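Chemist: Next come a sequence and a model predicted from it.
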Amino acid sequence: MIVEITTAIAVIKGAKQAFDVAKEAFDEIKKCAQAGKAAHESLGALTSFFSAAGKAEEGIAKAKELQEHPPENVPEDTRSDYEIVIDMMIAERQLRQFYVELREMFVYQFQEPGLYDEFMGRLQKLRDDRRKAEVEKRLHQKAIEMQARRKKQKERELLFSVLAGFVIVAIFSLFIWAMIWMFNQKEVL
């Protein structure tokens, strides 16, 4: 997939902004945990964290894809590839660390050890279901396209068969006419 450099820069900046929001939300969750509050009391921060972390992960994945398949017609950018890669690596590692610390907070500070695993399990199931639905949607679309191609191919084959039939009938008719004409020529002499 080739995109313009402005799109690539927007993806990277979007991932960085999402990471910053995730960091702020994580800090808020940490404050709640240190204050001895229950997990449900930091629900807004948890929601904000996971939403922003998901967006940051998507942005990082897109940025990696852009690194592997750089866009064409790249104008000058103020940041080097090294800076972009370092920013994404730091964000990726920090996100992993956030998840580790969040799990520890659920177990030791929120006193709800199974809640994090349950949440991650449900999240994974939801993601798997969405991926499966997306794959099925693409397969269904491809099946429709294949069906349309087959129908078009059958119509072409039918057209060629009809044209071939007309050509054969015309040739046969011409042959019969030529035979009759030849016999009539023999009688005339």
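Modeler: Yep, that arrived.
Chemist: thinking Lys30 is in contact with Glu104, fair?
Modeler: No. Lys30 is beyond contact range of Glu104, at 10.6 Å (criterion: Cβ atoms under 8 Å). C-betas here are computed from N, CA, C, even on glycine.
Chemist: Between the two, point out the one with more neighbours.
Modeler: For the pair Lys30 and Glu104, the greater number of neighbours falls to Lys30 (17 against 14), based on other Cβ atoms under 10 Å.
Chemist: before we move on, which element is the more buried one in?
Modeler: Element membership for Lys30 (DSSP states H and E) is helix 5-34.
Chemist: ok now do Phe19, which residues does it touch?
Modeler: Phe19 sits next to Ala52, Ala53, Ala56, Gly59, Ala91, Gln94, Leu95 when contact means Cβ atoms under 8 Å, 6 or more residues apart in numbering.
Chemist: ah, wrong one, I meant Ala91
Modeler: Contacts of Ala91 by Cβ under 8 Å, 6+ apart are Ala15, Lys16, Phe19, Ala56, Ile60.
Chemist: Any quick ChimeraX command for the buried ones out of those?
Modeler: Typed into ChimeraX, the line below selects the buried ones among the contacts of Ala91, using 16 or more other Cβ atoms under 10 Å:
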select :15,16,19,56,60
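Chemist: farthest pair in the contacts of Ala91?
Modeler: Farthest apart among these by Cβ to Cβ are Lys16 and Ile60. That separation is 9.5 Å.
Chemist: and the closest residue to Cys32 other than its chain neighbours, backbone torsions?
Modeler: Among residues not flanking Cys32 along the chain, Ser42 sits closest, at 3.7 Å (Cβ to Cβ, 6 or more residues apart in numbering). Ser42 adopts backbone torsions of phi -110, psi 30, taken as degrees, to the nearest 10.
Chemist: how close does Ser42 sit to Phe50?
Modeler: Separation of Ser42 from Phe50 (Cβ to Cβ, to the nearest Å): 12 Å.
Chemist: which one of these two has more residues nearby?
Modeler: More neighbours surround Ser42 than the other of Ser42 and Phe50, with 22 against 17 (other Cβ under 10 Å).
Chemist: burial count for Phe110?
Modeler: Neighbours of Phe110 using other Cβ under 10 Å come to 22.
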